[in-house]
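[1] Sequence below, structure please.
(2 chains)
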Amino acid sequence: MARHVKLWILGTIVACVVAAGGTIPFRGTRASRGEATIFTQRPAATPARLHAQAIADEWRAAQMTRRLAEERVAVRQRDFDRPVLMMASADSEHATLQARIRASLDSAWHSLGLAETKISVALVIDPIEGSDAALPPEESWGPSYLLPDSANRTLCLIRLSENTGWRRAILRQSFARDNWLQPWLKANLGPCAFLAAYGMPGRSVRTWLANRGYDLALSPAWNDSTAPLSSILQSDREWWWPFVYHQSFPAVACLGRRVAGCREAVLEGASDDRPRANRTPVVTSDRRYWKRQRLIDGSSYLADVARQVGQDRFLEFWNSPLSVDSALSRALRQPVGEWTAQWQTRFTPPIRLGSSAPAAASLIAVILAIIAIASTAVTARKRQVR
Amino acid sequence: MRLAAIIVLVTLVAVPRAAASQGKHWERQVRAQLDRTVNALQGTSRGQARVLNVGPLNTDESNSIVVELNPGKAYDIVAVCDEDCTGLHLLLSTAKYDVAVDRSGENLPVLHYAPTQGGSYRIKITMAACRVNPCWYGVAIRSS
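    Numbering: from 1, shown residues only, chains lettered A, B, ... in the order given. The predicted structure follows:
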């Protein structure tokens, strides 16, 4: 084989290796050290296992509904003008634990600007059920809510499962200095804080929020003007790509500041197409909440709307008989999609959507092209016809 | 006569007075209004007045109460609601048809009815407009 042919073959192989190095793995799916705990790929479950898990989830949901209903009956007889706190445990540390939670809960309530409200709030903290090994154990994840309904229009119930970790943290000596409990309880007031502050929403807003699990009214942060760090960004403000790929298309489109995507992300669930019987006053937090979010960082969306438009305009929207799109646009004084795209800039920079070549790979491709053209030119100059 | 009674009622209801009963601010407010109304009804002429119900309703929700009415008597039915309520409707009906209605759009509806036939009648209270839901309402009846 002629020497220059060998060089060509060698050059091609080297170019392929360089190109592969520049493009594989694909940008955005490169493994990061921190992802293993959440994003580890598990083998797909068998149909039988999936069926068993679905039944277990149904069981847990039914049990949760039952417990919430029972706890509401226990609370409803009381007369109160601040959140009621009910704790099931009665050990030696109970008094200290309850006093500290009581103080933080009152502080959280007042920080929201709430006093006596038409819809009262009760916080129930009780131990996880699960002594029977034959039944699916209760999951200690997030709070569950029983919103007011026709059986009780004036009480919103929050249930938290007692957790050994935070119990110890509250009883620790450094508790007063750390002061983590007040913001944590404030966040857990969730939709109950909204109902306490603004009352039960009108039919269209109620249906919209119920259809989407009150995801836009989970964080009553209407007095917090500083935006929290987005859950979709890493500490160095780089995109957390595995997280991005788990979200809904409208949510990602809104991250890209596409107005139509933002509008779709916010108004999903606004059309009243679910049977009335399927609506439940129970709101639960799912352990898979981070997957397929309808709007990234949307838990404080309505709190931000309330802060921006003021109480009167927010109440007008909240009780409006108009469609959600019309009522919200009217309160915001601009189309929902445009306002939401602007709102999203509080949390994240715009994400680049669509196919795009990474800068490093583009540079390598240009260098390879220059090398290929130059070597072709040199070879052509040296060619001799005999 | 009816107009004069309504004016007396409205005047009395509008005068604030410390509430004696327990409960939330809005519930106490409605109970106090209703107490004054019942007292005013009893004071204007002979007859019995009584509170039928006090409770919360969200906008567009309604509640029904069944009452026994006797022929030969005239009845005044009055409803009041809290400070956030801007529209309360009252409807009196038999099992077959409506006999009296006040949907004037105000928060103090009044019905006056003298039944020709005795029996069960249904009073339907509808919360037409409420600024912060739920709004508390109360309903009372006076026979003469």
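
[2] what's the pLDDT at A:L185?
    pLDDT, A:L185: 92.

[3] What are the neighbouring residues in contact with the closest residue to it other than its chain neighbours?
    Closest residue in space to A:L185, ignoring its immediate chain neighbours: A:A108 at 4.7 Å, by C-beta to C-beta, 6 or more residues apart in numbering or on different chains. C-betas here are computed from N, CA, C, even on glycine. Contact analysis of A:A108 by C-beta atoms under 8 Å, 6 or more residues apart in numbering or on different chains lists A:182-183, A:185-186, A:189.

[4] where exactly do the helices run in chain B?
    Applying DSSP state H to chain B gives helices spanning B:2-14, B:25-44.

[5] least reliable of these going by mean pLDDT?
    Across the helices of chain B, the lowest-scoring stretch is helix B:2-14, with a mean of 44.

[6] Chain B against chain A: which residues are in contact?
    With the criterion set to C-beta under 8 Å from any C-beta of the partner chain, chain B comes near chain A through B:22-26, B:56-61, B:84, B:130-134.

[7] I'd like the distance between A:G190 and chain B.
    18 Å (C-beta to the nearest C-beta, to the nearest Å).

[8] I meant to write A:Q311 there.
    Computed with C-beta to the nearest C-beta, the distance linking A:Q311 and chain B is 10 Å.

[9] Need phi/psi at that residue.
    phi -60, psi -40 (degrees, to the nearest 10).

[10] Tell me how many other residues surround residue 114.
    As the question left the chain open, I've gone with chain A. Using other C-beta atoms under 10 Å in any protein chain shown, A:L114 has 18 neighbouring residues.

[11] was after chain B, sorry
    B:A114: 11 neighbours (other C-beta under 10 Å).

[12] That one: what's it in contact with?
    With C-beta under 8 Å, 6+ apart, B:A114 has these contacts: B:73-75.

[13] can you pull the pLDDT of A:S89?
    For A:S89, pLDDT reads 67.

[14] still on that earlier bit, which of the contacts of B:A114 fall within strands?
    Among those, the ones falling in strands (DSSP state E) are B:Y75.

[15] Could you double-check that A:A88 lies in contact with A:L160?
    No. Contact criterion C-beta atoms under 8 Å: A:A88 and A:L160 do not qualify, at 10.9 Å.

[16] what helix or strand does A:A253 sit in?
    Assigned by DSSP states H and E, A:A253 belongs to helix A:249-255.

[17] no no, A:A303
    Judged by DSSP H and E, A:A303 forms part of helix A:301-309.

[18] just checking, next helix/strand downstream of that helix?
    Sequence order places helix A:311-318 as the next helix or strand after helix A:301-309, per DSSP H and E.

[19] List the buried residues for that next one?
    Of all the residues in helix A:311-318, those buried under the rule 16 or more other C-beta atoms under 10 Å in any protein chain shown are A:313-318.

[20] tell me, which of those make contact with chain B?
    Of the buried residues of helix A:311-318, the ones that also sit near chain B (C-beta under 8 Å from any C-beta) are A:L315.

[21] what comes up buried for the helix holding A:A253?
    Neighbour-count burial for helix A:249-255, counted by 16+ other C-beta under 10 Å, picks out A:250-255.

[22] And the residue nearest the centre of chain B?
    Nearest to the centroid of the C-alpha atoms of chain B, with distances taken as C-alpha atoms, centre = their mean, sits B:A79, at 1.9 Å.

[23] For chain B, see how far away A:T12 is.
    74 Å.

[24] ok, the residue nearest to the centre of chain B touching B:I141?
    No. Counting by C-beta under 8 Å, B:A79 stays clear of B:I141, with 10.0 Å between them.

[25] Just the pLDDT at A:S32, thanks.
    pLDDT recorded at A:S32 is 47.

[26] Report the helix or strand with the lowest average pLDDT across chain A.
    In chain A, no helix or strand scores lower on mean pLDDT, DSSP states H and E than helix A:36-39, which sits at a mean of 48.

[27] ugh, typo on my part, it should be chain B
    Least confident helix or strand of chain B, by mean pLDDT, DSSP H and E, is helix B:2-14 with a mean of 44.

[28] show me where chain B has strands.
    Per DSSP E, chain B carries strands over the ranges B:48-57, B:62-69, B:75-81, B:85-93, B:98-102, B:110-113, B:119-130, B:135-143.

[29] I meant to write the stretch 1-150 of chain A there.
    Assigned by DSSP state E, counting those that start in this stretch, the stretch 1-150 of chain A shows strands spanning A:84-87, A:120-126, A:144-146.

[30] Just name the most buried of the ones you listed.
    Counting by mean count of other C-beta atoms under 10 Å in any protein chain shown, strand A:144-146 has the highest mean neighbour count of those, with a mean of 24.

[31] tell me what that one is packed against?
    Under the contact definition 3 or more C-beta pairs under 8 Å, 6 or more residues apart in numbering or on different chains; DSSP states H and E, strand A:144-146 sits against helix A:47-75, strand A:155-161, helix A:181-198, strand A:282-284.

[32] Mind listing the strands it pairs with, and their directions?
    When pairing is defined by DSSP bridges, strand A:144-146 lines up against strand A:155-161 (antiparallel), strand A:282-284 (antiparallel).

[33] closest one to A:A45 among those strands?
    Comparing the strands paired with strand A:144-146 by their distance to A:A45 (C-beta to C-beta), the top pick is strand A:282-284, with 21.9 Å.

[34] Tell me which residues are up against the closest one.
    For strand A:282-284, using C-beta under 8 Å, 6+ apart, the contacting residues are A:61, A:64-65, A:68, A:142, A:144-147, A:190-191, A:213-214.
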